[in-house]
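>>> Have a look at this fold, sequence not included:
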């Protein structure tokens, strides 16, 4: 198998691309067996956890299936485009782009909060609370907590046990991250939404799906108000 070694950055994305490139160059077709995990680890100079994360991504997309005791098999042909499904949004100004993206966030995050409230496990709840606690610590210390806020929402997505929520966010990460990067050069953007992250966590802990939806809407309503006010 001829797959070039990788640099040290963006391992999962690079391994995904390398495996897709191998499938293409080797002309693998539906039903063909993929290289074993050990072969991939050695060829790409990465650990088993990275390989398995990539394989889980392929499984979630319905690209491969794992047969116990036999290995991983290709279910359909793929390309980099089908694996990453890049999404883009062109708008004339930041305000319009944020408002359009917010419409998508509202649908995804309301549903994710409701699903997480219904199916979350004790481990999920502990992870969400840990992310929330860190977000609150950083917010109180610095006055804002963009990356920690994003990590909190990702933990909720993971608690749905539906990998498509995180995959959709990953595909739109560049667009979505504008919400957590001080848009309009305002460090106080959406600061008023801070307390509602705790009440959202409490709704998920109580397994109250409707309350989770309501608290998510409170957060996003403040975001929308600040987009409109700060862009004047």
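Arrived safely, thanks for sending. This is a predicted model, so every value here is computed, not measured.
>>> and stretch 159-168, how far out from the chain's middle?
The chain centroid and the centroid of stretch 159-168 are separated by 7 Å under Cα atoms, centre = their mean, to the nearest Å.
>>> which residues sit against it?
Stretch 159-168 has contacts (Cβ atoms under 8 Å, 6 or more residues apart in numbering) with 56-57, 60-61, 108, 112, 115-116, 119-121, 124-125, 127-128, 154, 157-158, 204. Where C-beta positions appear, they are placed from N, C-alpha and C, glycine not excepted.
>>> Try it again at 10 Å.
56-57, 59-61, 84-85, 87, 104, 108-109, 111-121, 123-125, 127-128, 153-154, 156-158, 176, 204 (Cβ atoms under 10 Å, 6 or more residues apart in numbering).
>>> Can you tell me the element the most centrally placed residue in the chain falls in?
Residue closest to the mean C-alpha point of the chain, counted by Cα atoms, centre = their mean, is residue 166 at 3.3 Å. Assessed by DSSP states H and E, residue 166 sits inside helix 163-171.
>>> again, but for residue 99
Assigning secondary structure by DSSP H and E places residue 99 in helix 94-119.
>>> Check residue 65 too.
strand 64-67.
>>> Only the buried residues of that strand, if you could.
For strand 64-67, the neighbour count (16 or more other Cβ atoms under 10 Å) marks residue 64 as buried.
>>> do stretch 175-187 as well
Quick answer for stretch 175-187 (16+ other Cβ under 10 Å): 175, 176, 179, 180, 183.
>>> Report all helices and strands that the host helix or strand of residue 42 contacts.
Using DSSP H and E, residue 42 maps to helix 37-44. Using 3 or more Cβ pairs under 10 Å, 6 or more residues apart in numbering; DSSP states H and E, the elements in contact with helix 37-44 are helix 11-25, helix 48-60, strand 71-74.
>>> 7 Å instead?
helix 48-60 (3 or more Cβ pairs under 7 Å, 6 or more residues apart in numbering; DSSP states H and E).
>>> what about the helix it packs on, distance to the chain center?
15 Å.
>>> Other residues contacting it?
11-12, 15-16, 19, 37, 40-41, 64, 66, 72, 163, 167 (Cβ atoms under 7 Å, 6 or more residues apart in numbering).
>>> need the buried residues of stretch 175-187 in JSON lines with pLDDT and secondary structure, can you?
Formatted as JSON lines, those follow (pLDDT from 0 to 100; DSSP: H, G, I helix; E, B strand; the rest coil):
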{"residue": "175", "pLDDT": "73", "secondary structure": "helix"}
{"residue": "176", "pLDDT": "77", "secondary structure": "helix"}
{"residue": "179", "pLDDT": "83", "secondary structure": "helix"}
{"residue": "180", "pLDDT": "80", "secondary structure": "helix"}
{"residue": "183", "pLDDT": "84", "secondary structure": "helix"}
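>>> least trustworthy helix or strand in the protein by mean pLDDT?
When the helices and strands of the chain are scored by mean pLDDT, DSSP states H and E, helix 80-84 comes last with a mean of 63.
>>> one step back: which of the contacts of stretch 159-168 count as buried?
Buried members of the contacts of stretch 159-168, counted by 16+ other Cβ under 10 Å: 57, 61, 84, 104, 108-109, 111-117, 120, 124-125, 127-128, 153-154, 156-158, 176, 204.
>>> shaky segments in the protein?
Applying pLDDT under 70 to the chain flags the ranges 1-10, 60, 80-92, 170, 173-174.
>>> buried sites along stretch 145-165?
Buried, per 16+ other Cβ under 10 Å, within stretch 145-165: 145-146, 148-160, 162, 165.
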